[in-house]
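**Student:** just coords:
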């Protein structure tokens, strides 16, 4: 059970912490233009794949997804889904603020506190 808890926390952090970096790494993709509209998607994919600023966080994010599916085999589904998804929002807010995005509003901190309280209650109900 404790292994699953740490894995779910790691999943939430991997998913959430990589979101601001993926957003920053993909900046400029809207300026990519192809000579023909049917090639636009391929040019955008090429742009993203050639940028390590996008590719590295994307790979880490996908590693979080693999860890999530591995963890689902041994954890309670009613605990795994809310914990991983809600911690993703917390990690995204905190990491986004750390990399220079707008400062979270006071309500965001209150929401983070509520999410962490809810996760704690979920864990307590399962033990």
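**Tutor:** Happy to help now that I have it. What you see is a predicted model, and the numbers here were worked out from it, not measured in a lab.

**Student:** Going by C-alpha atoms from here, please, whenever you check contacts or count neighbours.
**Tutor:** Fine.

**Student:** ranges for the helices of the chain?
**Tutor:** 2-25, 40-49, 52-72, 77-98, 106-126 (DSSP state H).

**Student:** From the contact counts, what lies against the third one?
**Tutor:** To tie it back to what came earlier, the one meant is helix 52-72. Here helix 52-72 touches helix 2-25, helix 40-49, going by 3 or more Cα pairs under 8 Å, 6 or more residues apart in numbering; DSSP states H and E.

**Student:** Please state the offset of the longest one from the chain centre?
**Tutor:** In this view, helix 2-25 has its centroid 5 Å away from the chain centroid, taken as Cα atoms, centre = their mean, to the nearest Å.

**Student:** got the angle between it and helix 40-49?
**Tutor:** 110 degrees (axes from the mean of the first three to the mean of the last three Cα atoms, to 10 degrees).

**Student:** Name the residues that touch helix 2-25?
**Tutor:** 48, 51-55, 57-58, 60-61, 63-65, 67-68, 71, 74-75, 80, 83-93, 95-96, 99 (Cα atoms under 8 Å, 6 or more residues apart in numbering).

**Student:** So which bits of stretch 63-80 are buried?
**Tutor:** Under the neighbour-count criterion of 16 or more other Cα atoms under 10 Å, stretch 63-80 has 64-65, 67-68, 71-72, 75, 79-80 buried.

**Student:** Next up, the contacts around the residue nearest to residue 102 when sequence neighbours are not counted.
**Tutor:** Excluding its sequence neighbours, the residue lying closest to residue 102 (Cα to Cα, 6 or more residues apart in numbering) is residue 96, at 7.7 Å. Taking Cα under 8 Å, 6+ apart, we find residue 96 in contact with 17, 19-20, 102.

**Student:** would CSV of those with distance to residue 7 be doable?
**Tutor:** As requested, the contacts of residue 96 are exported to CSV (distance: Cα to Cα, whole Å):
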residue, distance to residue 7
17, 15
19, 18
20, 21
102, 29
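
**Student:** lowest-confidence helix or strand of this structure?
**Tutor:** Per-element confidence for the chain was summarised using mean pLDDT, DSSP states H and E. The lowest value among helices and strands belongs to helix 106-126, with a mean of 85.

**Student:** Okay, now the unreliable bits of this protein?
**Tutor:** Applying pLDDT under 70 to the chain picks out residues 1.
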